[in-house]
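*Asks:* Coordinates for the following, if possible.
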Amino acid sequence: MNKVLTDIERCKGCYLCIANCPKGAISLSGTVNAKGYEYVLVDDDKCIACGSCYQMCPDFVFEIMQ
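*Replies:* Numbering: from 1, shown residues only. The predicted model follows:
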């Protein structure tokens, strides 16, 4: 089960989540969303669901699953 769900269409590519993830679990997708922004992906094997991405994201891309 995913620990963090992402809404890739909300991502505008600010990458604050990547810079603030303590486990390095977030990376660039290599693909763009409908708005033309390269969105991010979460590696569930590395993710500890700490919420750093959720707190840093200005666009509400992330949902933390408990």
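*Asks:* residue ranges with poor pLDDT in this structure?
*Replies:* Across the chain, the ranges flagged by pLDDT under 70 are 1.
*Asks:* Which strand runs longest in it?
*Replies:* strand 26-32 (DSSP state E).
*Asks:* how about the strands in the protein?
*Replies:* 4-6, 26-32, 38-42, 62-64.
*Asks:* Quick check: closest non-adjacent residue to Ile48.
*Replies:* Lys23 (5.7 Å; C-beta to C-beta, 6 or more residues apart in numbering). Quick note: C-beta positions are derived from backbone N, CA and C, even for glycine.
*Asks:* can I assume that neighbour is in contact with Asp45?
*Replies:* No - using C-beta atoms under 8 Å, Lys23 is not in contact with Asp45, being 9.7 Å away.
*Asks:* These two: which is more packed in?
*Replies:* Between Lys23 and Asp45, counting by other C-beta atoms under 10 Å, Lys23 is the more crowded of the two (12 against 8).
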